[in-house]
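*Asks:* My questions are about this predicted structure, shown below with the sequence.
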Amino acid sequence: MRFHLSLLLLVMAGLMVAFAPLPVPTTTPQERTFEIDAHQFAYSPSEFHVNPGDTVTIQLVSTDVVHGLYVDDYDISIEADPGQSATLTFVADKPGSFRFRCNVTCGAMHPFMIGKLTVGNNSWLYRSIGLSILAAIGFFPLSHLHLRAVQVSFSDRKTKEERIK
Amino acid sequence: MNRIELTRIPFIKNALKSRYPQLAVFIVMLIGYIFAILAGLIGTPVGSHNFSIVFVWIAWWAILILVAVPFFGRGWCAVCPIPLPGEWLQRGAILNPPDKRPKWLNLRFPKMFRNIWLQNISFLLLALFSSVLLTTPNITGIVLAAMLFAAIGLSTVFERRAFCRYLCPVGGFIGLYSQTAPIELRIKDKQICVKCEGKPCYNGSTNGYGCPWDVFPGGLTKNTYCGLCMECIRTCPHDNIAVNLRPFSADLAKPSTRMDEAFKAFIMLGSAIIYAGVLLGPWGAFKDAAYNVGSNAWLVYGVAFLAFIFVILPSLFTLGILNTKSALPLKQRFASLSTALIPLGLMFWVAFSLSFVLTNASYILAAFSDPLGLGWNLFGTANAAWQPMLTSILAPAQTLALVGGLIWSARTAQKAAGEVKVSPIPVIVYCFIVTSLMLWLLL
C-alpha cells in the first residue's frame, strides 16, 4: 500500500516537473540583430540568446563557400554566397533551446555545422535535470518499499499455505 | 515475467533451423556491403550524397542502435555480412558442412587475446578518426573493405569467427549492450548437455558447424558472446536449444567481474558524451580539432578523448566507490559496479543517435535514387530536399531516453551492489552526474 502511494506521489511529482507551467519573466519585446559569420564548419557566434517575442534579424555572412542557416522547429532558413550576406527576420515566439544548422552541403563536416539559439529559458534542460534528481532521490525509498512489499506478500503467501496444510 | 520460448512456435523454429532464410538475408546484406565499399571508393566525395555514408552511418546506424541492439541484442551479428566470405572459405561450403573440409591453419586464437581488449582498441581507433570516417566516403569504403579482408585473413589462420569474437569494433559494444535485450538463446535442460556425447553444438556434426563464436551453449549465462547464428539449434541432437523472450536486462542481474568488459562500458559511455559535445555541440574549434587528423589540435583532441575515457570517468567512478565498505577488493567492486553503466551507456547512444539520425534521415531518399552521386534518379527521389524530421519531439524523446536510462541504471546499480554487498548510492550519484552532463550537451 505504502509502495503504491509512494509510486503515485513520485509519478505526480514527475508530471509536475515535466509539465507545470514555469513563471515567464515579463520583458518588452525588442528588435535584436545578430551578425553571424559562417565558415567551414562553424558559426561565429555559435550561440545566442533572445527573449520570447523579440523580433530577431540574422545577418548571415559566408566567408568561404556557400552556407545556409536553418533553425530547427521554426522551420526557417537562409543561404549566403561566399563573401555575401543574407538576412533573415523572424519573431522568436517559441520559447526553448533550438539548434540551427547549415542546410547547404558545404563540405565534409557539413552535417555537424551546428549552432544554438535559446529563446527565454532552456526549460527542457531544467525540467530534465529536475526529473533526473527526482529519479535518483525517489529511487531509494521506492525500491526499499518495493522490496518490503515483496517480502510481505511472500510471507503472507507462506502463512496461507501453512494454514491450508 | 518469466521466459517465453519463441522456438516453440513451429514457424519461428523452422525459419531459424533452415539455412535458407538466413542465407537470403546474408546475400542481400553482402551485396549491400560490397556496394557500400564501391560507392565509398568510386562515388561522389560528398558524404551526404553517397550511399556509403548515408546507408552505413545514418540508415544502418539508426536501425542498429535504435532497434536491433535494444530489442534483439546481437540480432545484427546474426545477419552481418562481414564474416561470410572468410567463413565460407574456412568451411569450404556455403550451406551444410562438406564431406571434406579445406586445410587451413585452424589455430586457436592466442590465449592472451581471448578477451575484448582488442575490440576496445579497434573501436577506439575508429572513434579517434570518426569525424573523418563519418563524413568521407572513401575512408568509409576503405574501412569497410579492411574489415572484410581482416575477417577473411583471420578465418584462414584461426578457427571459427576470430574476427567477430575478438577484433570487430562494432561487435564489442553490441555484445555489451545485448545483455539488456529481451531476447536470449539458452539451453532448456542443463542435464541433457552434461550427458550429451560429442557436444556437436560446440564441435559440429553432419547437421551443422561447431559454434562459430567459440561458445559452448550449455554454459551460456549471458548474451555477450553468443552471435545468434543459430548453428547450435541445427546441430543439437536433443532439441535442447531455445530462443526465449525475457525481461529487459536480465543478464545484468549477475554483474560481470571482467575489467575488459568494465572498460568497454566506460569507453562507450565516454564516447557518447564526447560525440554529443563535439559533433552535435555548437563549438567549431572542437569539430576542427576532431576533423583535422594529424594536426596538433587533433593530437590534443585524441589525448583528451583517451584521458576522458581512461582517466577522468573511471577515476571519478573509483573515487565514488572507494569508501564503500566491502570485503571484496576494489578491482572486483569496480568491475561489478560498472555493470550499472551498461543501460545508461545504451540510452546515451540512443539519445545521441536520435538527434543525428532525425536531422539527417532525409538524405536517405536522395541517396536511394542516386547512390553514387552521379546524377541518377532511379526511383524519382534524387532531388528530395533535406528536411530535419520530428525535431519538435526530439528534446522530449531525448529526455525520456536519458532519464529512463538513469532509472534503469539505478535499478541495475542496486542489483549489482546487492551482489557485492555495498551501497549503490555512489554509483547512482555518478550516473546522475554524467546524465546531467549529457542532458546539458544535447538539450
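*Replies:* On my side now, so go ahead.
*Asks:* Count the residues that sit near the residue nearest to B:Ala367 when sequence neighbours are not counted.
*Replies:* For B:Ala367, ignoring the flanking residues on the chain, the nearest one in space by Cβ to Cβ, 6 or more residues apart in numbering or on different chains is B:Val54 at 3.8 Å. The C-beta positions use only the backbone N, C-alpha and C, and glycine is treated the same way. As a burial measure, B:Val54 scores 27 neighbours (other Cβ atoms under 10 Å in any protein chain shown).
*Asks:* Secondary structure of B:Val54: a helix, I assume?
*Replies:* Yes. Counting by DSSP: H, G, I helix; E, B strand; the rest coil, B:Val54 is found in a helix.
*Asks:* give the contact list for it.
*Replies:* Taking Cβ atoms under 8 Å, 6 or more residues apart in numbering or on different chains, we find B:Val54 in contact with B:Gly47, B:Ser48, B:Tyr363, B:Ile364, B:Ala366, B:Ala367.
*Asks:* what sits against the fourth one?
*Replies:* Put plainly, it is B:Ile364. Residues in contact with B:Ile364, defined by Cβ under 8 Å, 6+ apart, are B:Val54, B:Phe55, B:Ile58, B:Ala59.
*Asks:* what does the last one give?
*Replies:* B:Ala367 is in contact with B:His49, B:Asn50, B:Phe51, B:Val54, B:Phe55, counting by Cβ under 8 Å, 6+ apart.
*Asks:* Likewise for the third one?
*Replies:* Listed by Cβ under 8 Å, 6+ apart, the contact set of B:Tyr363 reads B:Ser48, B:His49, B:Val54, B:Ile58, B:Trp386.
*Asks:* what bridges to the closest residue to chain B within chain A?
*Replies:* When you check chain A against chain B by Cβ to the nearest Cβ, the closest residue turns out to be A:Ala42, at 2.2 Å. Partner residues in beta bridges with A:Ala42: A:His39, with DSSP bridges as the criterion.
*Asks:* number of nearby residues for it?
*Replies:* A count of nearby residues for A:Ala42, using other Cβ under 10 Å, gives 22.
*Asks:* any idea how far it lies from B:Leu252?
*Replies:* A:Ala42 sits 40 Å away from B:Leu252, going by Cβ to Cβ, to the nearest Å.
*Asks:* Isn't A:Pro95 up against A:Trp124?
*Replies:* No. Counting by Cβ atoms under 8 Å, A:Trp124 is not a contact partner of A:Pro95; they are 9.8 Å apart.
*Asks:* ok, back up a step: so which of the contacts of B:Ala367 comes closest to chain A?
*Replies:* Out of these, the member with the shortest distance to chain A (by Cβ to the nearest Cβ) is B:His49, at 7.3 Å.
*Asks:* neighbours of the closest one, just the number please.
*Replies:* Burial measure for B:His49: 21 neighbouring residues, criterion other Cβ under 10 Å.
*Asks:* quick one: contacts for the closest residue to it other than its chain neighbours?
*Replies:* In this structure, B:His49 finds its nearest non-sequential neighbour in B:Gly373, 4.0 Å apart by Cβ to Cβ, 6+ apart. With contacts defined as Cβ under 8 Å, 6+ apart, the neighbours of B:Gly373 are B:Gly43, B:Thr44, B:Val46, B:His49, B:Asn50.
*Asks:* Buried ones in stretch B:300-316, by neighbour count?
*Replies:* Of the residues in stretch B:300-316, those buried by neighbour count under the rule 16 or more other Cβ atoms under 10 Å in any protein chain shown are B:Tyr301, B:Gly302, B:Phe305, B:Phe308, B:Ile309, B:Phe310, B:Leu313, B:Pro314.
*Asks:* one step back: what residues are up against the residue of chain A closest to chain B?
*Replies:* For A:Ala42, the contacting residues are A:Met113, A:Gly115, B:Pro282, B:Trp283, B:Gly284, B:Ala285, B:Lys287, B:Asp288, taking Cβ under 8 Å, 6+ apart as the criterion.
*Asks:* And B:Phe317, by the same measure?
*Replies:* For B:Phe317, the set of contacting residues under the criterion of Cβ under 8 Å, 6+ apart consists of B:Phe266, B:Phe334, B:Leu337, B:Ser338, B:Leu341, B:Val427, B:Tyr430.
*Asks:* same thing but 6 Å
*Replies:* With Cβ atoms under 6 Å, 6 or more residues apart in numbering or on different chains as the criterion, the residues that contact B:Phe317 are B:Tyr430.
*Asks:* Secondary structure element for it, which one?
*Replies:* Per DSSP states H and E, B:Phe317 falls inside helix B:313-322.
*Asks:* Mind exporting the C-alpha coordinates of the very next helix or strand once past that helix to PDB?
*Replies:* Secondary structure here is assigned by DSSP H and E; on that basis, the next helix or strand after helix B:313-322 toward the C-terminus is helix B:330-337. As requested, the backbone C-alpha atoms of helix B:330-337 are provided in PDB (Å, rounded to 0.1, in the frame of the first residue of the first chain):
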ATOM      1  CA  LEU B 330      38.500  -2.600  -5.200                       C
ATOM      2  CA  LYS B 331      39.200  -4.100  -8.600                       C
ATOM      3  CA  GLN B 332      36.300  -6.500  -8.300                       C
ATOM      4  CA  ARG B 333      33.900  -3.900  -6.900                       C
ATOM      5  CA  PHE B 334      34.900  -1.600  -9.800                       C
ATOM      6  CA  ALA B 335      34.200  -4.300 -12.400                       C
ATOM      7  CA  SER B 336      30.900  -5.400 -10.800                       C
ATOM      8  CA  LEU B 337      29.500  -2.000 -10.200                       C
END
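*Asks:* re earlier: which of the contacts of B:Ile364 lies closest to B:Trp349?
*Replies:* Using Cβ to Cβ, B:Ile58 comes nearest to B:Trp349 of the contacts of B:Ile364, at 14.6 Å.
*Asks:* burial of the closest one, as a residue count?
*Replies:* The local packing of B:Ile58 (other Cβ under 10 Å) involves 24 other residues.
*Asks:* That one contacts B:Leu358, correct?
*Replies:* No. Counting by Cβ atoms under 6 Å, B:Leu358 is not a contact partner of B:Ile58; they are 10.1 Å apart.
*Asks:* hey, what's in contact with both of these two?
*Replies:* Here B:Ile58 and B:Leu358 share no contacting residue, scored by Cβ under 6 Å, 6+ apart.
*Asks:* For the chain, just list every one of the strands.
*Replies:* Went with chain A since none was named. A:31-39, A:42-44, A:47-50, A:55-62, A:67-71, A:76-80, A:85-91, A:96-101, A:114-119 (DSSP state E).
*Asks:* I was thinking of chain B, sorry if that wasn't clear
*Replies:* Under the criterion DSSP E, strands of chain B are mapped to B:4-5, B:183-187, B:241-245.
*Asks:* what pLDDT does A:Ile164 get?
*Replies:* Confidence at A:Ile164, expressed as pLDDT, is 69.
*Asks:* I misspoke; the intended subject was A:Ser153.
*Replies:* In this prediction, A:Ser153 carries a pLDDT score of 61.
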